[in-house]
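1. I'd like to go over a predicted model; first the sequence, then the structure.
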Amino acid sequence: MKEIKGVIAAEVAKVSGLDESVVIGMLEYPPNADMGDLALPCFKLAKSLRKSPAQIAEELAASLAKLNEIEEAAPSGGFLNIRLAKGAFAEHVVTKSINDVHGLFSSERGKGRTAVVDYSAPNIAKPFGVGHLRSTIIGQSIVRMMREDGFHVEGLNHLGDWGTQFGKNIAAYMRWGDEEKVRANPIRELFKLYVRFHEEAEKDPALEDEGRYWFKQLEEGNEEAIRLWKWFIEESLKAFKETYQLLGVEFDHYLGESFYTDKMDAVVNELREKGLLVEDDGAEVVDLSEYGMPPCLILKSDGTSIYPTRDLASAEYRHRVLGADTLVYVVGAEQKLHFQQVFKVLELMGRDYAKNCTHVAFGLMKFNGERLSTRRGHVVYLEDVLTKAIEEAAKIIEDKNPNLANKQEVARSVGVGAVIFNDLKTYRIHEVDFRYEDVLNFDGETGPYVQYTHARACSVLRKAETRETAWPAGYVPNEIEWGLIVQLSQADETLERAVDEYDPSVMARFILQVCHAFNRFYHNNPILQSDEPTRSARLALTDATRKVLAKALYLIGLDAPEEM
Ligand code: ARG
């Protein structure tokens with residue numbers, strides 16, 4: 001719709017003297033199709049144009065009616081309702097979807113810009129929890145959508161591999177660890193030790209000192225500490241990478257927090273030189289009271305570094321070495337203050353790019369309505385969730401389509417897709433609840449439903465035995481076909497909005513709309529049995545839909561099996 005909105009806006013701008021982009025922003029989709037395809041709320045223009053809405057609508061109607069792209073422009077109660085010339089628009093949309101390499105998503109606003117997207121970032125020696133799952137799949141989708149929008153994107157995993165926690169891990173392993181057991185089942189075993197550490201520390205606070213001691217040893221390069229820590233990382237990474245593979249998630253960089261150990265002095269020194277560091281109870285902090293925030297802790301009283309300091313050093317690295325002008329952090333909402341502080345300190349250091357730093361927060365994920373806490377060992381293992389989803393998907397496929405080729409691969413796509421879609425269809429800041437029966441329901445607003453719709457389109461095309469589809473010149477779509485075309489045409493704006501809001505749910509909702517419109521079309525309009533030129537038009541529309549769905553599914557991280 002971007003192009004046609006541009007055409008309309010240019011005309012409105014000419015007549016009214018308003019800015020084209022302002023008019024584009026005002027164009028709305030009417031609540032129901034009988035009112036037209038687009039509407040301009042003229043009452044919003046009344047003040048600046050010093051005319052009544054009705055008069056404005058009359059005048060604009062007359063000049064818009066002259067455009068070839070428009071069939072009718074009718075004033076109605078302060079609005080100008082616009083109907084597009086259906087045949088020409090349908091041909092344009094369908095042809096572009098089928099033939100253009102970018103299809104209907106084409107958008108290149110990010111050209112020449114570089115973004116670093118920080119996502120997933122699980123903590124070593126801890127299970128990959130469902131909180132990190134949200135970051136992983138939202139982040140992966142943002143990476144893909146920004147690339148589609150022309151950005152050069154570096155996807156980065158800021159692994160939690162440094163900090164006091166590792167002192168605790170080492171202390172716990174020294175006390176109760178068993179090498180054999182850890183080797184056999186690293187994450188679960190290390191996590192057990194960690195949980196035990198917290199339990200015992202409640203009775204014996206001296207343990208906390210032991211943890212701090214070992215972290216200090218780690219920062220000072222103690223060989224034994226380093227050896228254990230490296231081993232924990234290696235084992236954890238192996239397990240995380242298996243999960244990423246299952247999810248179809250990739251990173252351009254694994255740069256954990258430990259990577260910045262030798263890059264923090266520069267930041268600390270600069271803060272000191274600029275007079276930004278003040279002492280606070282033995283620690284060194286940046287005072288942010290002027291901005292209504294608690295101080296940002298830079299160095300602890302024992303001189304060891306801390307999470308925010310590493311984030312300052314890593315921001316510098318992303319900007320200077322990776323060339324980022326846009327820094328995106330996909331991290332749970334509970335870290336809101338942390339990022340506000342870090343971004344503020346960057347600004348106080350005089351970094352221009354501070355204004356292009358965004359914390360993309362998201363809500364909690366619950367399991368059957370229950371919150372999870374890793375501290376208390378109440379944890380759902382992501383790999384278990386995925387394995388179970390894949391198994392359930394396999395059962396459903398066995399039931400629905402036992403003769404399907406490569407059933408296992410499809411079950412993986414469907415099971416994993418179900419988990420991903422359940423997450424992404426919700427506005428990211430809201431909480432997500434997870435129930436197997438809901439996420440795998442083929443009839444709900446689910447991953448299987450949208451994948452199945454795509455497979456259905458593929459199946460129609462297979463049966464048609466044509467590879468080449470084309471919209472027959474002069475064919476005017478019926479109402480149901482038109483409804484689908486209007487949905488498809490919104491791909492470009494959907495991408496832009498999803499990128500602007502850093503919210504894959506915008507894309508997921510679009511996918512659902514397209515699927516609803518396609519299924520309505522499929523159930524009400526015979527495709528293969530129709531006469532020409534209807535048959536060709538419907539096949540071309542099916543092909544155009546298939547392309548849009550395949551790309552959109554990819555953008556939110558779902559596979560698009562051709563058969564299921
Ligand atoms: N590992 C951290 C956690 O689990 C998330 C890190 C997010 N990224 C960052 N640059 N701070 O809480």
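-> Received, thanks. Numbers count the residues shown, from 1 in each chain.

2. who in the stretch 301-450 of the chain is up against the ligand?
-> 311, 329, 331 (C-beta under 6 Å from any ligand atom). For the C-beta atoms, the positions are set from N, CA and C on the backbone; glycine is no exception.

3. buried set for stretch 158-178?
-> By neighbour count on 16 or more other C-beta atoms under 10 Å, the buried set for stretch 158-178 is 158-173, 177.

4. so which of those are in strands?
-> Of these, none are assigned to strands by DSSP state E.

5. out of the residues you listed, which touch the ligand?
-> Among the buried residues of stretch 158-178, the ligand is touched by 158, 160 when using C-beta under 6 Å from any ligand atom.

6. sorry, back to before: just the ones of the residues of the stretch 301-450 of the chain next to the ligand in helices?
-> Among those, the members falling in helices are residue 311 (criterion: DSSP state H).

7. low-scoring stretches of the stretch 301-450 of the chain, by residue?
-> 372-378 (pLDDT under 70).

8. pick out the residue of it closest to the ligand.
-> residue 331 (4.4 Å; C-beta to the nearest ligand atom).

9. contact partners for that residue?
-> 118, 121, 135, 339, 359, 360, 361 (C-beta atoms under 8 Å, 6 or more residues apart in numbering).

10. distance of it from residue 194?
-> 21 Å (C-beta to C-beta, to the nearest Å).

11. surely residue 474 is within a helix?
-> No. Per DSSP: H, G, I helix; E, B strand; the rest coil, residue 474 lies outside any helix segment and is coil.

12. work out for me the element the residue nearest to residue 514 when sequence neighbours are not counted sits within.
-> Distance criterion C-beta to C-beta, 6 or more residues apart in numbering; nearest residue to residue 514, sequence neighbours excluded, is residue 487 at 5.0 Å. Assigned by DSSP states H and E, residue 487 belongs to helix 479-488.

13. chain center to that helix, what's the gap?
-> 27 Å (C-alpha atoms, centre = their mean, to the nearest Å).

14. just the CA trace of it, in CSV.
-> Coordinates of the C-alpha atoms in helix 479-488 are reproduced here as CSV (Å, rounded to 0.1, in the frame of the first residue of the first chain):
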residue,chain,number,x,y,z
GLU,A,479,-14.9,-9.1,-3.2
ILE,A,480,-13.3,-12.0,-1.5
GLU,A,481,-10.3,-12.0,-3.8
TRP,A,482,-10.0,-8.3,-3.3
GLY,A,483,-10.0,-8.7,0.5
LEU,A,484,-7.0,-11.0,0.2
ILE,A,485,-5.2,-8.6,-2.2
VAL,A,486,-5.7,-5.7,0.2
GLN,A,487,-4.2,-7.7,3.0
LEU,A,488,-1.1,-8.8,0.9
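
15. other SSEs contacting that helix?
-> helix 86-99, helix 504-524, helix 534-555 (3 or more C-beta pairs under 8 Å, 6 or more residues apart in numbering; DSSP states H and E).

16. what pairs with the residue in the chain positioned nearest to the ligand across the strands?
-> Per C-beta to the nearest ligand atom, residue 160 is where the chain lies closest to the ligand, at 3.2 Å. Counting by DSSP bridges, residue 160 forms beta bridges with residue 123.

17. sec struct for the residue nearest the centre of the chain, please.
-> In the chain, the residue lying closest to the centroid (C-alpha atoms, centre = their mean) is residue 138, at 3.2 Å. Assigned with three-state DSSP, residue 138 falls in the helix class.

18. what residues are up against it?
-> Residue 138 makes contact with 119, 330, 360, 362, 423, 424, 428, 504 under the criterion C-beta under 8 Å, 6+ apart.

19. try it again at 10 Å.
-> Listed by C-beta atoms under 10 Å, 6 or more residues apart in numbering, the contact set of residue 138 reads 117, 119-120, 330-331, 360-362, 420, 423-424, 428, 502-505, 556-557.

20. one more: residue 400?
-> With C-beta under 10 Å, 6+ apart, residue 400 has these contacts: 442, 448, 452, 564.

21. not counting its neighbours along the chain, what's nearest residue 448?
-> Spatial nearest neighbour of residue 448, excluding adjacent residues (C-beta to C-beta, 6+ apart): residue 442 at 4.7 Å.

22. for this protein, give me the ranges with low pLDDT.
-> 372-378.

23. pull up the residues of it that are close to the ligand.
-> 118, 121, 123, 158, 160, 311, 329, 331.

24. now intersect the buried residues of stretch 158-178 with the helices, please.
-> 164, 165, 166, 167, 168, 169, 170, 171, 172, 173.

25. wait, the third one touches residue 211, no?
-> Just to be clear, that refers to residue 166. Yes. Using C-beta atoms under 10 Å, residue 166 is in contact with residue 211, at 8.7 Å.

26. so residue 35 is in contact with residue 79, correct?
-> Yes. With contact defined as C-beta under 10 Å, residue 35 and residue 79 form a contacting pair (8.1 Å).

27. between those two, which one's more packed in?
-> Counting neighbours by other C-beta atoms under 10 Å for residue 35 and for residue 79 shows that residue 79 has the greater number, 20 against 16.

28. filter the contacts of residue 400 down to the buried ones.
-> Here, 16+ other C-beta under 10 Å leaves 448, 452, 564 buried among these.

29. name the helix or strand for the second one, please.
-> Assigned by DSSP H and E, residue 452 belongs to helix 447-464.

30. how about residue 444?
-> Going by DSSP H and E, residue 444 is not in any helix or strand.

31. number of residues surrounding it?
-> Neighbour number of residue 444 under other C-beta under 10 Å is 14.

32. tell me the secondary structure for residue 155?
-> Classified using three-state DSSP, residue 155 is strand.

33. thought it was touching residue 142?
-> Yes. Counting by C-beta under 10 Å, residue 142 is a contact partner of residue 155 at 9.0 Å.

34. pull up the overlap in contacts between the two.
-> With C-beta under 10 Å, 6+ apart, residue 155 and residue 142 have common neighbours 115, 117, 119, 328.

35. for these, pick the one with the most neighbours.
-> residue 117 (28 neighbours).

36. ok, the residue found closest to that residue once you drop the neighbours it is linked to in the chain to residue 305 distance?
-> Leaving aside its sequence neighbours, residue 117 sits nearest to residue 328 (C-beta to C-beta, 6+ apart; 4.5 Å). Counting by C-beta to C-beta, the gap from residue 328 to residue 305 is 24 Å.

37. what's the answer for residue 473, then?
-> On the measure of C-beta to C-beta, residue 473 and residue 305 end up 68 Å apart.

38. how about residue 270?
-> For residue 270 relative to residue 305 (C-beta to C-beta), the value is 15 Å.

39. who's more crowded, those two?
-> residue 305 (23 against 15).

40. count of residues packed around residue 181?
-> 14.

41. what comes up buried for the helix ranked longest in the chain?
-> Taking DSSP H as the criterion, the chain has its longest helix at helix 223-247. The neighbour-count check on helix 223-247 (16+ other C-beta under 10 Å) flags 225, 228-229, 231-233, 235-237, 239-240, 243-244, 246-247 as buried.

42. same check, this time on stretch 208-215
-> So stretch 208-215, judged by 16+ other C-beta under 10 Å, has buried residues 208, 210, 211, 212, 213, 214, 215.
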